[in-house]
Each structure stands twice: as structure tokens, then as C-alpha cells.
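Peer 1: How does the following fold in three dimensions:
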Amino acid sequence: MAIATFAAGCFWGIEAQFRLMTGVTSTRVGYTAGWTENPTYKTICTGGTGHAEAVEITFDPDIVSFESLLDLFWKIHNPTTLNRQGPDIGTQYRSAIFYHDDEQKQLATHSKQILTESQKYPDPIITEITAESTFYPAEEYHQCYLEKKGLSNCH
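Peer 2: Presented below is the predicted three-dimensional model:
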């Protein structure tokens, strides 16, 4: 198994999309890339923790490639809006790829370059590509939130 971590706005919708992929064995939402230890949803919402809402994906690379995960990541959010996705505004909603090894870093960087060169977006892609750091799982009620509520998307 391998792990991938992405931030692309509210983690509820992102998690739901990745859970549908064949080869994804589990997901968990949480907080990463900030300076506050053991953050909570309440502290994240202040914007003062430095953390992003993210989804950590465990996947079988023999069934689904990291490149396929990247393809979905780029499709399910707007990578050109700084600290914002839809109605959600704040640094916790930034677009980011948190790579777990050099291969993921290279693949993420290459996919961003290809998307930039495609000129699909009129504005620059601002997605961060940084090394993974401590991932703090969100509170239990956030895990598989949309599924628990019988919803298909956030907005």
C-alpha cells in the first residue's frame, strides 16, 4: 500500500471523491502542514494554525496509480484560487499536494507543469507541492462526513 495526501478545499467533498476510486483502500480527513500541534476543527477555522484541511489516501499502486490520483485531484477543485474553494475562504482551504517520496514529488511537479502548459486556466496554478508533514486526523464526526449524512457533495 502507498499513501497520498491532498488539500483542495473542504475535506468532506475531496474525501468522498477519492473514496469512489477503485484501488483506494481507505481515506481519512485531517489537518497538515501547520505549526500547531494536535489542532482541532475549531482551531483550524480560526486560520491561525497554518494547517490545511487535507485527505490522506491509502491506495494500492498495483490497482490505481499516483498519476490517476493526481488526475482526479486536478479535476475536483480550482487550483488557481489562493486560499479559497467555492464559498470556503482561508489558508486552511488552500490547494496543495503533500508528497511522500521523491517519485511523488516528481510526478506532482510534472503534472502541474503539464496542466499549466495546457492553458486550461486563464489564471496561474497556485497549488503548493511540499513534503508531507505530521498528519493530524480530524475528529471522528468529520470522517466520511458526506457518506454519514447521505450527501453526495458539499455545495
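Peer 1: which helix of the protein spans the most residues?
Peer 2: As assigned by DSSP state H, the longest helix anywhere in the chain is helix 102-118.
Peer 1: Output the contacting helices and strands for it.
Peer 2: helix 66-75, strand 95-99, strand 128-131 (3 or more Cβ pairs under 8 Å, 6 or more residues apart in numbering; DSSP states H and E). Any C-beta I mention is one placed from the backbone N, CA and C, and that applies to glycine too.
Peer 1: Would you mind listing the buried residues in the first one?
Peer 2: So the one you mean is helix 66-75. Residues 66, 68-70, 72-74 are the ones in helix 66-75 that count as buried (16 or more other Cβ atoms under 10 Å).
Peer 1: between these, which is nearest residue 2?
Peer 2: When the buried residues of helix 66-75 are compared for distance to residue 2 (Cβ to Cβ), residue 66 wins out at 7.1 Å.
Peer 1: Now do the contacts for that closest one.
Peer 2: Taking Cβ atoms under 8 Å, 6 or more residues apart in numbering, we find residue 66 in contact with 2, 4, 59, 103-104, 107.
Peer 1: For those, please prepare TSV with the additional fields neighbour count, distance to residue 38 and pLDDT.
Peer 2: Formatted as TSV, the contacts of residue 66 follow (neighbours: other Cβ atoms under 10 Å; distance: Cβ to Cβ, whole Å; pLDDT from 0 to 100):
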residue	neighbour count	distance to residue 38	pLDDT
2	18	26	98
4	25	23	98
59	23	26	98
103	11	30	98
104	23	26	98
107	19	31	98
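Peer 1: I'm done for today, thanks for sticking with me.
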